[in-house]
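Engineer: The following comprises the amino acid sequence and a computationally predicted model.
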Amino acid sequence: MKWTWVLVAVLLFFGGVSLGKESLDFPEYDGKDRVHDLNAKNYKSVMKKYDVMVVYYHDHVGSSRVAQRQFEIEELALELAAQVLDEFDDEDIGVGLIDAKHDKAVAKKLGLEESDSIFIFTDDEVIEYDGELAADTLVEFIYDVLEDPVEIIDNSRELKGFENVEEDIKLVGYFKSHKSEHFEAFVDAAEEFHPHIQFFATFNPKVAKALELKLNEVDFYEPFIDDPVVIPGKPYTEDELVKFIEDNDRPTLRKLQPHNMYEIWFQLWSAKYGFEFLEILKQVAKDNTENPDLSIVWIDPDDFPLLLPHWEKTFGIDLSSPQIGIVDTDDADSVWMDMDDGEDLPTVDELEDWIEDALSGEIDPDDDDDDDDDDDDDDDDDDDDDDDDDDDDDDDDDDDDDDDDDDDDDDDDDDDDDDDDDDDDDDDDDDDDDDDDDDDDDDDDY
């Protein structure tokens with residue numbers, strides 16, 4: 001059995017240092033409307049005003065009060081983002097809305113197919129944003145889009161900055177100069193993946209020596225893996241670089257971040273000893289780099305504080321203590337690793353053994369379905385017992401009814417005899433009684 005699943009690590013840093021970059025300091029919304037409602041009449045003229053256009057292609061809101069309130073929140077986030085982007089000096093950046101029902105023709109002309117998505121139009125390129133609709137996250141992503149697709153490393157300080165990038169896929173190449181045709185191919189490939197994958201280059205022989213790079217060579221780094229993979233076949237064409245990246249764009253260990261949170265379906269792990277467990281995960285990822293069936297996603301809860309209660313409820317776990325589990329992404333069934341002491345983290349070997357059992361099918365999230373079936377069987381047995389009891393009770397009631405009927409028949413016979421005697425003796429009285437009965441019947445009718 002083959003599942004669609006990944007292993008996710010949630011590392012809780014209580015009082016620790018967040019590994020994510022600091023968010024932008026955002027102002028209060030000033031109340032000015034900056035977001036454009038794009039339609040067939042105005043979309044061309046509006047988009048021509050800006051160097052970069054951010055477009056939210058949203059589902060039609062309709063009459064639902066809940067949907068209307070949600071859209072108001074989303075629109076406010078876009079207004080705040082537009083306010084901050086309005087102060088950006090280097091580029092004119094606009095923000096617009098397209099209604100999937102009323103302006104479907106506009107979306108089609110712009111090549112937009114998936115609604116409830118944000119698209120960034122820059123030059124001749126359209127970049128889809130897969131993150132949460134929050135002003136700070138969106139603005140940071142747009143700033144990344146506006147950066148050059150290749151960052152140059154020219155000294156030891158910049159080299160240190162490159163080494164500190166460990167949460168994302170990154171590539172670095174060594175070239176003769178900016179005018180090198182091989183560097184140009186590298187830049188063209190970078191534009192295909194920008195800003196989701198980081199590209200670095202150096203023209204400095206000393207930096208290249210520190211990175212153990214040969215001329216026109218490119219190294220590919222997985223997240224959290226210190227040792228790179230040398231891309232074979234140098235010098236490369238753009239197509240060769242693109243193909244290699246597409247074939248290897250499956251990190252064994254990666255970090256879930258606000259700007260890519262909707263790219264990932266996951267299982268969950270929690271450990272309050274974040275840095276210690278991250279080192280264990282790194283070693284597991286390093287040992288399993290060649291395993292195409294394993295992908296680990298690390299979540300820093302500082303980035304998703306509002307989602308932790310949802311994860312706890314959905315998966316039935318307590319994220320204040322270590323947890324590791326897998327979830328079948330088809331139906332969200334999950335199974336979790338048993339640990340005797342919540343204070344003890346598993347070793348690398350223990351975690352690898354557990355993962356191996358999961359990949360081999362010995363640990364199956366669908367096992368929970370068997371438990372549910374057992375519960376259903378128990379319920380069926382109880383229902384059968386109840387039915388039997390009801391049948392017995394019905395039989396008893398029938399017997400009682402038969403006895404009562406016999407008694408009633410005897411009583412009726414006796415009453416008939418008495419009535420005959422009374423009829424013979426008191427005809428006049430009967431007439432009087434009949435009159436009285438008629439009066440009583442009249443009273444009953446009212």
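Structural biologist: Noted; the coordinates are in hand.

Engineer: rest of the way, CA atoms for contacts and neighbours
Structural biologist: Noted.

Engineer: and residue 120, helix, strand or coil?
Structural biologist: Following DSSP: H, G, I helix; E, B strand; the rest coil, we place residue 120 in the strand state.

Engineer: Per-residue pLDDT of the residue lying closest to residue 237 once chain neighbours are set aside, please?
Structural biologist: Leaving aside its chain neighbours, residue 237 sits nearest to residue 185 (5.8 Å; criterion: CA to CA, 6 or more residues apart in numbering). You'll see residue 185 listed with a pLDDT of 98.

Engineer: neighbouring contacts of the host helix or strand of residue 185?
Structural biologist: Here residue 185 sits within helix 181-193, counting by DSSP states H and E. Residues outside helix 181-193 that contact it (CA atoms under 8 Å, 6 or more residues apart in numbering): 149-150, 175, 177-178, 197-199, 216, 235-239, 241-242.

Engineer: let's see it at 6 Å
Structural biologist: 149, 237, 238, 242 (CA atoms under 6 Å, 6 or more residues apart in numbering).

Engineer: In helices only, show me these.
Structural biologist: Judged by DSSP state H, helices contain the following of these: 238, 242.

Engineer: Now that we have the contacts of helix 181-193, which of them are buried?
Structural biologist: 149, 237, 238, 242 (16 or more other CA atoms under 10 Å).

Engineer: OK, contacts around the last one?
Structural biologist: With contact taken as CA under 6 Å, 6+ apart, residue 242 is in contact with residue 189.

Engineer: go on, the first one?
Structural biologist: With contacts defined as CA under 6 Å, 6+ apart, residue 149 is in contact with 190, 191, 194.

Engineer: Roughly how far does it sit from residue 170?
Structural biologist: 12 Å (CA to CA, to the nearest Å).

Engineer: For the stretch 101-250 of the chain, which segments count as strands?
Structural biologist: 117-122, 125-129, 150-152, 170-174, 198-202, 218-221, 229-230 (DSSP state E, counting those that start in this stretch).

Engineer: Could you tell me the least trusted of the ones you listed?
Structural biologist: When I compare the strands of the stretch 101-250 of the chain, strand 125-129 is least confident, with a mean of 91.

Engineer: ok so, going back, with pLDDT as extra columns, can I get the buried ones among the contacts of helix 181-193 in CSV?
Structural biologist: Formatted as CSV, those follow (pLDDT from 0 to 100):
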residue, pLDDT
149, 96
237, 97
238, 98
242, 97
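
Engineer: Which single one of these is nearest to residue 208?
Structural biologist: Closest to residue 208 out of the buried ones among the contacts of helix 181-193 is residue 149 (19.6 Å), distances taken as CA to CA.

Engineer: Show me where this protein dips below the pLDDT cut-off.
Structural biologist: Applying pLDDT under 70 to the chain flags residues 1-25, 250-282, 286, 288-307, 320-323, 325, 327-333, 339-345, 359, 364-446.

Engineer: how about the buried ones among the contacts of helix 181-193, which pair is most distant?
Structural biologist: Using CA to CA, the pair of these lying farthest apart is 149 and 237, separated by 17.0 Å.

Engineer: sorry, back to before: would you mind putting the strands of the stretch 101-250 of the chain into TSV with mean neighbour count and distance to residue 37 alongside?
Structural biologist: Formatted as TSV, those follow (neighbours: other CA atoms under 10 Å; distance: least, CA to CA, whole Å):
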stretch	mean neighbour count	distance to residue 37
strand 117-122	19	14
strand 125-129	16	19
strand 150-152	19	34
strand 170-174	24	37
strand 198-202	23	33
strand 218-221	22	42
strand 229-230	14	47
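
Engineer: Looking at the ones you listed, spot the one closest to residue 84.
Structural biologist: Per CA to CA, nearest to residue 84 of the strands of the stretch 101-250 of the chain: strand 117-122, 16.0 Å.

Engineer: ok, back up a step: any chance of the strands of the stretch 101-250 of the chain in JSON lines, with distance to residue 99 too?
Structural biologist: Formatted as JSON lines, those follow (distance: least, CA to CA, whole Å):
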{"stretch": "strand 117-122", "distance to residue 99": "11"}
{"stretch": "strand 125-129", "distance to residue 99": "17"}
{"stretch": "strand 150-152", "distance to residue 99": "35"}
{"stretch": "strand 170-174", "distance to residue 99": "37"}
{"stretch": "strand 198-202", "distance to residue 99": "33"}
{"stretch": "strand 218-221", "distance to residue 99": "40"}
{"stretch": "strand 229-230", "distance to residue 99": "45"}
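
Engineer: For residue 246, which of those strands is the nearest?
Structural biologist: Taking these one by one with CA to CA, strand 218-221 is closest: 11.8 Å.

Engineer: list the helices and strands the closest one packs on?
Structural biologist: For strand 218-221, the elements it packs on are strand 170-174, strand 229-230, judged by 3 or more CA pairs under 6 Å, 6 or more residues apart in numbering; DSSP states H and E.

Engineer: would you turn the ones you listed into CSV with distance to residue 67?
Structural biologist: Formatted as CSV, the helices and strands packed on strand 218-221 follow (distance: least, CA to CA, whole Å):
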stretch, distance to residue 67
strand 170-174, 39
strand 229-230, 47
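
Engineer: Name the next helix or strand downstream of the helix or strand that residue 324 is a member of, please.
Structural biologist: Remark: residue 324 resides in strand 323-327, with elements defined by DSSP H and E. Sequence-wise, the next helix or strand downstream of strand 323-327 (DSSP H and E) is strand 334-336.

Engineer: May I have the strands that pair with that following strand, each with its orientation?
Structural biologist: strand 323-327 (antiparallel) (DSSP bridges).
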